[in-house]
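Participant: Model the following, please.
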Amino acid sequence: MKLNRTRAVVISIAVAASAGAATAIVLASTGSGTSAEIIAHRATLSDSVQVNDDRIKFQTKDPTDFVVQRVTFLPHASSGWHHHPGVAMVVVESGHVTTHDENCQTRTYGPHEVFVVSGSAPSEVTNDSDTETAVQVATQVAPAGSPFRVEDDPPPCAS
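Facilitator: Presented below is the predicted three-dimensional model:
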């Protein structure tokens, strides 16, 4: 009897977890045709930092988390609409990617070009090529413990 009850509890938890995961997938704006590889796992900078050297400023006021990832975009891939708490600095290693902002303004970046994203406004990155794969490397700096990516609905201009 106890074994059956334990089995029932385990099955119920598994079904609930599966339903929750399925709901997250349906509601999220995850895009398609992309894959991400973590190059440097989340690490926390506990101290506040203030650097102003060689005409470059970098400042944190509280602990911050860093992560570095390589994102591959197959032809016609999309990141989905999202935003990054903190700042993401992105280097396009190969191919071309196009950024789309909350006003549906676009800009295309090619190999060895850099773009920076920050703020809570939704954005999307796409590879509009029919044949070319694009690869970018992103360094993200965010408040400690925050997510590195937040899924967003497309802005009205993208509908």
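
Participant: from here on, contacts and neighbour counts on C-alpha atoms
Facilitator: Will do.

Participant: what sits against the residue nearest to Leu74 when sequence neighbours are not counted?
Facilitator: With C-alpha to C-alpha, 6 or more residues apart in numbering as the criterion, Leu74 has its nearest non-adjacent residue at 4.7 Å, and that residue is Thr133. Taking C-alpha atoms under 8 Å, 6 or more residues apart in numbering as the criterion, Thr133 is in contact with 72-75, 94-95, 127.

Participant: How about Met89?
Facilitator: 114-117, 138-140.

Participant: switch to 10 Å and redo it
Facilitator: 68, 114-118, 137-141 (C-alpha atoms under 10 Å, 6 or more residues apart in numbering).

Participant: Could you tell me which of those belong to strands?
Facilitator: If you go by DSSP state E, the contacts of Met89 have 68, 114-118, 137-141 in strands.

Participant: Can you tell me which of the residues you listed are buried?
Facilitator: 68, 117-118, 137-141 (16 or more other C-alpha atoms under 10 Å).

Participant: List just the nearest of those residues to Val150.
Facilitator: Ser118 (11.8 Å; C-alpha to C-alpha).

Participant: So that closest one sits against Asp101, correct?
Facilitator: No - checked against C-alpha atoms under 10 Å, the pair Ser118 and Asp101 is beyond contact range at 11.0 Å.

Participant: residues shared between the contacts of these two?
Facilitator: The contact lists of Ser118 and Asp101 share His83, where a contact means C-alpha under 10 Å, 6+ apart.

Participant: Please enumerate the strands of this protein.
Facilitator: 32-45, 49-53, 56-60, 64-78, 82-83, 87-94, 97-100, 106-109, 114-118, 124-126, 134-143, 150-151.

Participant: Can you show me the CA trace of the third one as CSV?
Facilitator: Translated: strand 56-60. Taking C-alpha atoms only, strand 56-60 is exported to CSV below (Å, rounded to 0.1, in the frame of the first residue of the first chain):
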residue,chain,number,x,y,z
ILE,A,56,36.3,53.8,-20.9
LYS,A,57,34.0,53.7,-17.9
PHE,A,58,32.7,50.7,-16.1
GLN,A,59,30.9,50.9,-12.8
THR,A,60,29.0,48.5,-10.5
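
Participant: Show me what counts as buried in it.
Facilitator: For strand 56-60, by 16+ other C-alpha under 10 Å, it's Thr60.

Participant: Which neighbouring elements make contact with it?
Facilitator: strand 49-53, strand 134-143 (3 or more C-alpha pairs under 10 Å, 6 or more residues apart in numbering; DSSP states H and E).

Participant: That concludes my questions; thank you for your assistance.
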